[in-house]
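Chemist: model this:
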Amino acid sequence: MSRHVLPALPGLEILVGWDRPLQTFWAQVWDLAYERDQPEAELAWVGCTPREITDPQDVVDTVAHWAKRIPVGLVAVLADDAAAGR
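Modeler: Below is the predicted model of the structure:
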């Protein structure tokens, strides 16, 4: 499984990656004002089912409005993660 932390808007944390067993890209967006076990903390969590997100651009688009910026080349890095089976 790969995991990348994106530069997020203040008070947020964004994680994206590739899940090899599920064969899907995934993303999580957390509101850091809450503890992770509180329902309010989870703003988004996608890519939890097999082959849910097969295009890395789709997972980036899902979290883009919570990000300060999307790192250059992120889509290619995610595609490489999937191709390499990370």
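Chemist: okay, stretch 39-50 in CSV with CA atoms only?
Modeler: Below are the C-alpha coordinates for stretch 39-50, written out as CSV (Å, rounded to 0.1, in the frame of the first residue of the first chain):
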residue,chain,number,x,y,z
PRO,A,39,-17.5,10.9,13.2
GLU,A,40,-17.0,14.6,12.6
ALA,A,41,-13.3,14.1,12.0
GLU,A,42,-13.8,12.2,8.7
LEU,A,43,-14.6,14.5,5.9
ALA,A,44,-13.9,11.9,3.2
TRP,A,45,-12.8,8.4,2.9
VAL,A,46,-13.0,6.7,-0.5
GLY,A,47,-11.4,3.7,-2.0
CYS,A,48,-12.6,1.2,0.6
THR,A,49,-14.0,-1.4,-1.8
PRO,A,50,-12.4,-3.5,-4.5
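Chemist: What residues sit buried inside it?
Modeler: Val46, Gly47 (16 or more other Cβ atoms under 10 Å). Quick note: C-beta positions are derived from backbone N, CA and C, even for glycine.
Chemist: what's the answer for stretch 58-74, then?
Modeler: Those would be Val59, Val60, Thr62, Val63, Trp66, Ala67, Ile70, Leu74, for stretch 58-74 by 16+ other Cβ under 10 Å.
Chemist: hey, where'd the strands end up in this protein?
Modeler: Assigned strands in the chain, in chain order: 4-6, 12-19, 24-31, 42-46 (criterion: DSSP state E).
Chemist: would you turn the ones you listed into a markdown table with mean pLDDT?
Modeler: What follows is the strands of the chain, written out as a markdown table (pLDDT from 0 to 100):
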| stretch | mean pLDDT |
| --- | --- |
| strand 4-6 | 97 |
| strand 12-19 | 98 |
| strand 24-31 | 97 |
| strand 42-46 | 95 |
